[in-house]
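S.K.: Below are the sequence and a predicted model for it; my questions follow.
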Amino acid sequence: MLSYNEVNEYFSLVQPKLINQNELLIDMSVNFGNTNMITKNGRIVGVLKFTESAKALANEELYHTTTFWLKDSPQTVVFDKKVCWLYKANNRDCVWEKSLDFESIEELEGYIVDNQKCVVLDALYMYINSYRAYERLFLISQPTVYMAKYLEAKEIIDNNVVEDSTLKYPFTTGYADVVGISLQEAAKKIMFKYETRNAFLAESENFRIRITNDVKKCKTLDEVLEVYNNFLSQKDRYGYL
Amino acid sequence: MKNAIYYRCYDIFSNPNVYNSIPGGERFSDVFRVFGKNITFVDRSETIKTPIKVHLLDNMKLPKMESFSKTFEEVCDERANSLYKQAKETNRKIVILYSGGIDSSAILCSFIRTRTDEELRNDFIVLMSDYSCQENPNFTNNFVFKKFQCHSSFRNRYFLGNNDYLVVSGENADQLFGSQLNDTFGSFHGYDFLFKDLKSNEGSVISWFGKSIGDQARGEVIYRTLSKITDNAPIDIDNIYKFFWWINFTTKWQSVYVRLLSISHNVDKIRLEQNYTTFYSPKDFQLWCMNNPNEIVPTDKFSNKLTAKQYIYSVTKDSSYNKKLKFGSLSKLFLQKKLPLSLALDGDTLTEVDILNSDYYEYQNDFLEEK
């Protein structure tokens, strides 16, 4: 078992490298709402914003949970998110309490690496979220509208329909009338917008899969940091020609 | 040793751990502080030598100055006809990368002028984005959507290197008409300052270089080195605008021709000038601007690329376009792709090479520190 001093000494060495070193304390009280957690051997490894990032990291060792262990009467449990892996479940009282019981430096290092994987993946997913942000605030049923338009437009193009005398295609015909273009042009525009939107989402989804795999493969803290720092510099490298 | 034709400056000359091991690398890194980090600096006038050996492609060499009387309009029309003939003979469709900007709009206009509607519909594909539509809505709605098959520009990288298509981009146009630095310098000093005599206002240019680098002495060194290129120009570089233009024209030409290729899904299947080209790279365009340097110099910031805008007007009859300002139209197109550090030619095939090895270092270059 590591001594208190050994734990602190190791932590002071790695602390400057931690990606979330400047984060504030977070209040994990019952009023906080649903939160995704990754735990390992009864110890919190990470607290994540996104269900997808937590699910991606979960495996035979890392357990994904969205509930907190609390006593019957709710109580405030205040965590330092930077070091949430210092908290272990107290089964007797159903609360999380600070625990510096680590068998070895390797075990401690493992928790820190897993924690930083959570932090990095969450940060990268946040980036994807902001990239997809223009999709977030839809009018009611707008996604259904877009899909209906696409299906109509596809049929119009595939069957070379040039006139809609019975309003079989209310979205496309209506769009053509409003904008003052032909049915075929309207269908072409709708197909283009659909393709662009899909391609946009596909880019972000394929990126999500790639970086998730990159983060999951990491075995050391330096590898996790490299994934994160590479990402930060990539926009500068490739984003502007 | 394979001939390197492109490298990613950002990963080499913005990292002291890398460039300090290259002879002249530290001083050369100042060039990118002035000109930006997205270029591969190659002097095709062959006046100065850079720390990394980059092979100059035959079709990228600076043409010898000769008299040239064709108009921009004639050169564009001939280029469109020549590309269409090439595509037909090789059984390929032409794919045009349309950003919505002036350069790619002019390309589409050249084909609208020279081809029938049926040919435009059947033999062309336009790749574009929502930004393309926003940058030039009138032209996009009234001509592009009506006449061409349009698809999302996210598919660019699968068309590049696909042998069923001849991909045509609008790169090299900026180098014909000026330089982004003209806009940056103009914003700093006032646009009119660009047209002042170079020699008597050299101090201001040197000072601006110094400001970009963060060191006046180093700024002057870079200016003097680059001045060797302008001093060797076959035309009179009399004002500041032409100074920046000529540097851009001679040193960024090959960089912009090849930089798009690294995003391709099939880099090894790209065949330069067979399934990929830029519309504005042929010798005729270069001779046109070398013989008409005063035509490329704008009178104000709205008249940049006026000749190209007038060409577009011949198709669209939209005079409001003449006042169009340039917007960067390529950003956010490439999201987080792992790109090769450098590209080289192995015969006809593009391949990645490790450019950070001494085989590619030019030990006698113009950026070495004086002893």
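M.R.: Okay, I see it.
S.K.: Quick one: the strands in chain A, in order.
M.R.: Using DSSP state E, the strands of chain A run over A:26-27, A:36-40, A:43-48, A:63-65, A:78-79, A:87-90, A:95-98.
S.K.: can you tell which of those is closest to A:Leu225?
M.R.: strand A:43-48 (15.6 Å; Cβ to Cβ). For glycine as for every other residue, the C-beta is placed from the backbone atoms N, C-alpha and C.
S.K.: which residues are contacting the closest one?
M.R.: With Cβ atoms under 8 Å, 6 or more residues apart in numbering or on different chains as the test, strand A:43-48 has contacts from A:26, A:28, A:35-39, A:54, A:57, A:62, A:79, A:81, A:84-85, A:87-89, A:96, A:99, A:111, A:114-115, A:117-119, A:121-122.
S.K.: and if you look at stretch A:209-225?
M.R.: Contacts of stretch A:209-225 (Cβ under 8 Å, 6+ apart): A:14, A:17, A:19, A:53, A:56-57, A:109, A:112-113, A:116-117, A:120-121, A:124, A:227, A:231, B:336.
S.K.: List only buried entries from those residues.
M.R.: A:19, A:53, A:56-57, A:112-113, A:116-117, A:120-121, A:124, A:227, A:231, B:336 (16 or more other Cβ atoms under 10 Å in any protein chain shown).
S.K.: So which of these belong to helices?
M.R.: Among the buried ones among the contacts of stretch A:209-225, the residues falling in helices (DSSP state H) are A:53, A:56-57, A:112-113, A:116-117, A:120-121, A:124, A:227, A:231.
S.K.: Report the buried residues of stretch B:171-185.
M.R.: Judged by neighbour count using 16+ other Cβ under 10 Å, the buried positions of stretch B:171-185 are B:171-179, B:181-185.
S.K.: Then stretch A:1-12?
M.R.: Quick answer for stretch A:1-12 (16+ other Cβ under 10 Å): A:2, A:7, A:10-11.
S.K.: sorry, back to before: of the buried residues of stretch B:171-185, which is the nearest to chain A?
M.R.: Closest approach between the buried residues of stretch B:171-185 and chain A, by Cβ to the nearest Cβ: B:Glu171, at 8.9 Å.
S.K.: host element of that closest one?
M.R.: Applying DSSP states H and E as the criterion places B:Glu171 outside every helix and strand.
S.K.: Isn't it up against B:Tyr276?
M.R.: No. Taking contacts as Cβ atoms under 8 Å, B:Glu171 lies outside contact range of B:Tyr276: 10.4 Å.
S.K.: Where does chain A get nearest to chain B, residue-wise?
M.R.: Nearest residue of chain A to chain B (Cβ to the nearest Cβ) works out as A:Ala199 at 3.4 Å.
S.K.: do you know how far that residue is from A:Asn213?
M.R.: 21 Å (Cβ to Cβ, to the nearest Å).
S.K.: Could you dump the buried residues of stretch A:1-12 into JSON lines with pLDDT and distance to B:Ser14 added?
M.R.: Putting the buried residues of stretch A:1-12 into JSON lines (pLDDT from 0 to 100; distance: Cβ to Cβ, whole Å) gives the following:
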{"residue": "A:Leu2", "pLDDT": "90", "distance to B:Ser14": "41"}
{"residue": "A:Val7", "pLDDT": "89", "distance to B:Ser14": "39"}
{"residue": "A:Tyr10", "pLDDT": "91", "distance to B:Ser14": "34"}
{"residue": "A:Phe11", "pLDDT": "87", "distance to B:Ser14": "33"}
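S.K.: Tell me which of those residues fall in helices.
M.R.: A:7, A:10-11.
S.K.: Now render these as a markdown table, adding distance to chain B.
M.R.: Output for those, formatted as a markdown table (distance: Cβ to the nearest Cβ, whole Å):
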| residue | distance to chain B |
| --- | --- |
| A:Val7 | 33 |
| A:Tyr10 | 28 |
| A:Phe11 | 28 |
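S.K.: Would you mind giving these as TSV with distance to B:Ser105 added?
M.R.: Below are these laid out as TSV (distance: Cβ to Cβ, whole Å):
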residue	distance to B:Ser105
A:Val7	64
A:Tyr10	61
A:Phe11	59
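S.K.: For the stretch 251-371 of chain B, which segments count as helices?
M.R.: Taking DSSP state H, counting those that start in this stretch as the test, the helices found in the stretch 251-371 of chain B are B:253-258, B:283-291, B:293-296, B:306-316.
S.K.: who does the second one touch, helix- and strand-wise?
M.R.: By that I understand helix B:283-291. helix B:72-89, helix B:173-177 (3 or more Cβ pairs under 8 Å, 6 or more residues apart in numbering or on different chains; DSSP states H and E).
S.K.: Distance to B:Leu120 and mean pLDDT for the ones you listed - can I get that in a markdown table?
M.R.: A markdown table is the format used below for the helices and strands packed on helix B:283-291 (distance: least, Cβ to Cβ, whole Å; pLDDT from 0 to 100):
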| stretch | distance to B:Leu120 | mean pLDDT |
| --- | --- | --- |
| helix B:72-89 | 10 | 98 |
| helix B:173-177 | 21 | 91 |
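S.K.: among the ones you listed, which is nearest B:Gln310?
M.R.: Of all these, helix B:72-89 comes closest under Cβ to Cβ, at 8.1 Å.
S.K.: Okay, now the unreliable bits of the stretch 251-371 of chain B?
M.R.: Along the stretch 251-371 of chain B, the model assigns pLDDT under 70 to residues B:301, B:321-338, B:371.
S.K.: who does A:Thr38 bridge with?
M.R.: Just to correct that, residue A:38 is Ile rather than Thr. With DSSP bridges applied, the residues forming beta bridges to A:Ile38 are A:Gly46, A:His64.
S.K.: dump the residue contacts of it.
M.R.: So A:Ile38 contacts A:44-46, A:48, A:54, A:57-58, A:62-65, A:114, A:118 (Cβ under 8 Å, 6+ apart).
S.K.: State the pair within those that is farthest apart.
M.R.: The farthest-apart pair in the contacts of A:Ile38, when distances are taken by Cβ to Cβ, is A:Thr65 and A:Asp114, at 14.5 Å.
S.K.: on that earlier part again, please work out which of the helices and strands packed on helix B:283-291 is packed deepest.
M.R.: helix B:173-177 (a mean of 23; mean count of other Cβ atoms under 10 Å in any protein chain shown).
S.K.: Residue 49: what's it in contact with?
M.R.: By default, I'm working from chain A. Neighbours of A:Lys49 in contact, by Cβ under 8 Å, 6+ apart: A:36, A:122, A:125-126.
S.K.: You answered for a different chain; I wanted chain B.
M.R.: Shown in contact with B:Lys49 (Cβ under 8 Å, 6+ apart): B:43, B:362, B:364-366.
S.K.: again, 6 Å this time
M.R.: B:362, B:365-366 (Cβ atoms under 6 Å, 6 or more residues apart in numbering or on different chains).
S.K.: Near A:Met147, how many other residues are there?
M.R.: 11 (other Cβ atoms under 10 Å in any protein chain shown).
S.K.: Pretty sure A:Ala54 sits against A:Leu62.
M.R.: No. Counting by Cβ atoms under 6 Å, A:Ala54 stays clear of A:Leu62, with 9.0 Å between them.
S.K.: Neighbour count: those two, which is higher?
M.R.: Between A:Ala54 and A:Leu62, counting by other Cβ under 10 Å, A:Ala54 is the more crowded of the two (25 against 18).
S.K.: Tell me if I am right that B:Val168 is in a strand.
M.R.: Yes. Using DSSP: H, G, I helix; E, B strand; the rest coil, the assignment for B:Val168 is a strand.
S.K.: Give the buried residues for stretch B:9-18.
M.R.: Neighbour-count burial for stretch B:9-18 [16+ other Cβ under 10 Å]: B:9-14.
S.K.: Give me the contacts around that stretch.
M.R.: So stretch B:9-18 is contacted by A:237, B:19, B:29, B:32, B:37, B:341 (Cβ under 6 Å, 6+ apart).
S.K.: Can I get it as PDB, trimmed to CA atoms?
M.R.: Extracted in PDB, the C-alpha atoms of stretch B:9-18 (Å, rounded to 0.1, in the frame of the first residue of the first chain):
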ATOM      1  CA  CYS B   9       5.300  23.900 -43.400                       C
ATOM      2  CA  TYR B  10       3.300  24.000 -40.200                       C
ATOM      3  CA  ASP B  11       4.900  20.800 -38.900                       C
ATOM      4  CA  ILE B  12       8.400  21.700 -39.800                       C
ATOM      5  CA  PHE B  13       8.900  25.500 -39.700                       C
ATOM      6  CA  SER B  14       6.800  26.300 -36.700                       C
ATOM      7  CA  ASN B  15       8.500  23.800 -34.500                       C
ATOM      8  CA  PRO B  16      12.000  24.800 -33.300                       C
ATOM      9  CA  ASN B  17      12.800  21.300 -32.300                       C
ATOM     10  CA  VAL B  18      12.500  20.400 -36.000                       C
END
